[in-house]
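> Turn this into a structure:
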Amino acid sequence: MPKFNVFIYDYTASAFHVPPAFAWLPAPTPLLGVLLAGLQYVAAAGLLLGVGASVSAWFIAVVGLYVMLLDPEYYSHNGHFHLTLLALVGCARDGISLRRLIGGRDADARCPGWRSGSCESRSPSCSSMPPSTRS
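Okay, here's the model as predicted:
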């Protein structure tokens, strides 16, 4: 989020802009820039805490796409990867928050092969692993 918020701030603070690649796309005003940046932090908190995670991920992805469309040549970088991941999180319907996964209290929220770093023999993915990698 901070990366795209810096782009929004820099874009709205600058008096010079290259001609837009897409004429139909409105340039952000300073007020819109502050609003988008603030809402991205709220969405990031929602994504972390699992409150409206899908909507939060989609919001951050759409704002990032908007920033990239302002000047596709300048903003073309690894942000595409982050936006793709956010869109995938937006499509997920599992309801598992990042906080729950990081906390480690709910081992059932993870893939069986990832639980406590061990591989369970009943997991089909584990049976295909060489014995030396099973723990």
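> if I read this right, L70 contacts L25, doesn't it?
Yes. Contact criterion CB atoms under 8 Å: L70 and L25 qualify, at 6.7 Å. All C-beta spots, glycine's among them, are computed from the backbone N, C-alpha and C.
> More neighbours: which of those two?
Per other CB atoms under 10 Å, whichever of L70 and L25 has more neighbours is L70, with 21 against 11.
> residues in contact with that one?
Counting by CB atoms under 8 Å, 6 or more residues apart in numbering, L70 touches 11, 20-21, 25, 27-28.
> got the buried residues for the helix or strand where A57 lies?
Element membership for A57, per DSSP states H and E: helix 53-70. Buried positions in helix 53-70, judged by neighbour count with 16 or more other CB atoms under 10 Å: 53-54, 56-61, 63-65, 67-68, 70.
> Show me what the next helix or strand after that helix is in contact with.
Following helix 53-70 in sequence order, the next helix or strand is helix 79-91 (DSSP H and E). Contacts to helix 79-91, defined as CB under 8 Å, 6+ apart, come from residues 3-4, 47, 53-55, 57-58, 60-61, 64-65, 68.
> run the last query once more with 10 Å
The contact list for helix 79-91 (CB atoms under 10 Å, 6 or more residues apart in numbering) reads 1, 3-4, 7, 43, 47, 53-65, 67-68, 98.
> What are the buried residues along it?
Buried residues in helix 79-91, defined by neighbour count with 16+ other CB under 10 Å: 79, 82-83, 86-87, 89-90.
> which SSE is L25 in?
Using DSSP H and E, no helix or strand contains L25.
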